[in-house]
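# Everything below, folded, please.
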Amino acid sequence: MSFIEMEHLSHAYHAGDETERMALSDVSLAIEKGEFVAVLGANGSGKSTLAKHINAILLPTAGNCRVAGFDTSEAGSVWEIRREVGMVFQNPDNQLIAAIVEDDVAFGPENIGMAPERIRENVRRALAAVGMEHFRSFAPHLLSGGQKQRVAIAGALAMQPKCLVLDEPTAMLDPKGREEVMTVLKRLHAEGMTVVLITHFMEEASEAQRVIIMADGRIAAIGTPREVLTDHAAMQKWGLETPLAACLAARLLKDGVKLPHDILTDDDLICALTGEEPCPSK
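Next up, the predicted model:
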């Protein structure tokens, strides 16, 4: 059994009335424990709706979604699912509610009645995991955007989930903040965390093990970053840009420069142009 399983899942907003809108249609998907999956798609493609089903924030209109063996549609399973899956959203300011960082990280564990000693240890570990232990007594509003998002991730980690679902967590950050968050996510994944990253940054998606493209509420493509993100015609059809290195490589190929057709990253392009050994591929 996969850690996350969706079978013929559909979701309609305002189901049954004249404003009904289908956001997901007949989506079937499996994500294994310990995977790093990136979900891409144009605005309105259904990627955020998909993410909210993994945490049981939304429930299927049709079909089903199971997380760690629990059916999200069963009322008694919701809190078990939310212990297994932590959710991080786009704007960290909407998730930070306490006056100091450590109180904010402790909020979730306190709400589920975790013992005080365990809360203190979980907060310490969560802040250490995101490199924010030295900021535990700071006021969140004094932090940078990237630091705030790392605290939001720590708040999810304090619940000791097995999976993190992040809905465009770097969309409001500058390049430094995005790098900080991605460094944390890559480290957490290396330590065994399942990561589902909703993003519109191709360079972030290229770090994943698998990429899912959403279009019109359906899965349009699924595969490795190299398989999916270097398909220039398909990416254009879905309203997405290819990674910068892949785009530049395509232009050089068009101009007669001999290069591999599946260049994805800056390192790939540098290796190909300098004649060095191929870099590890994804």
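
# For S25, which non-adjacent residue is closest in space?
Setting aside the residues directly before and after it, S25 is nearest to G217 in space (Cβ to Cβ, 6 or more residues apart in numbering), at 4.5 Å. In short, each C-beta sits where N, CA and C put it, glycine included.

# the longest helix in this protein is where?
helix 175-190 (DSSP state H).

# Summarise which helices and strands that one is packed against.
Contacts of helix 175-190 with other secondary structure elements, assessed using 3 or more Cβ pairs under 8 Å, 6 or more residues apart in numbering; DSSP states H and E, are made with strand 36-41, helix 116-129, helix 145-157, strand 163-167, strand 194-198.

# make it 7 Å
helix 145-157, strand 194-198 (3 or more Cβ pairs under 7 Å, 6 or more residues apart in numbering; DSSP states H and E).

# With distance to Q209, mean neighbour count and mean pLDDT as extra columns, can I get these in JSON lines?
As requested, those are arranged in JSON lines below (distance: least, Cβ to Cβ, whole Å; neighbours: other Cβ atoms under 10 Å; pLDDT from 0 to 100):
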{"stretch": "helix 145-157", "distance to Q209": "19", "mean neighbour count": "25", "mean pLDDT": "95"}
{"stretch": "strand 194-198", "distance to Q209": "9", "mean neighbour count": "25", "mean pLDDT": "98"}
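
# Dump these into TSV; add distance to G177 as well.
Below are the helices and strands packed on helix 175-190 laid out as TSV (distance: least, Cβ to Cβ, whole Å):
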stretch	distance to G177
helix 145-157	3
strand 194-198	15
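
# how about the ones you listed, which one is nearest H11?
Counting by Cβ to Cβ, H11 lies closest to strand 194-198 out of those; the figure is 15.2 Å.

# Beyond that closest one, next helix or strand please.
Tracing the chain past strand 194-198, the next element assigned as helix or strand by DSSP states H and E is helix 202-205.

# Now do the longest helix of the chain: everything it contacts.
Contacting residues not belonging to helix 175-190 are listed as 36, 129-130, 144-146, 149-150, 153, 164, 169-170, 173, 195, 197, 204, 207 [Cβ atoms under 7 Å, 6 or more residues apart in numbering].

# ok and it relative to strand 163-167, angle-wise?
Between the axes of helix 175-190 and strand 163-167, defined by axes from the mean of the first three to the mean of the last three Cα atoms, to 10 degrees, the angle is 160 degrees.

# Tell me the buried residues in helix 175-190?
Applying a neighbour-count criterion of 16 or more other Cβ atoms under 10 Å, one finds 177-178, 180-182, 184-185, 188-189 buried in helix 175-190.

# In these, find the pair that's most separated.
When those are compared pair by pair using Cβ to Cβ, the two farthest from each other are G177 and H189, 19.0 Å apart.

# quick revisit: would you tell me which of the helices and strands packed on helix 175-190 gets closest to V123?
Go through the helices and strands packed on helix 175-190 one by one with Cβ to Cβ and the one that ends up closest to V123 is helix 145-157, at 7.8 Å.

# so what secondary structure elements neighbour the closest one?
Partner elements for helix 145-157 (3+ Cβ pairs under 7 Å, 6+ apart): strand 85-88, helix 101-111, helix 116-129, helix 175-190.

# Next, count neighbours for the nearest residue to M193 once chain neighbours are set aside.
On the basis of Cβ to Cβ, 6+ apart, the spatially nearest residue to M193 that is not a chain neighbour turns out to be L164, at 6.0 Å. Burial measure for L164: 23 neighbouring residues, criterion other Cβ atoms under 10 Å.

# Kindly provide the distance from H189 to R178.
When distances are taken as Cβ to Cβ, to the nearest Å, H189 and R178 turn out to be 16 Å apart.

# can you check L50 too?
Taking Cβ to Cβ, one finds L50 at 22 Å from R178.

# Likewise for F89?
As for F89, its distance to R178 is 15 Å (criterion: Cβ to Cβ).

# How about K148?
From K148 across to R178, the span is 13 Å (Cβ to Cβ).

# again, but for G256
In this structure, G256 and R178 are 35 Å apart, going by Cβ to Cβ.

# hmm, back to that, check contacts around the residue nearest to M193.
L164 makes contact with 86, 88, 156, 188, 193, 195 under the criterion Cβ under 7 Å, 6+ apart.

# what's the average pLDDT for stretch 15-25?
When pLDDT is averaged along stretch 15-25, the result is 90.
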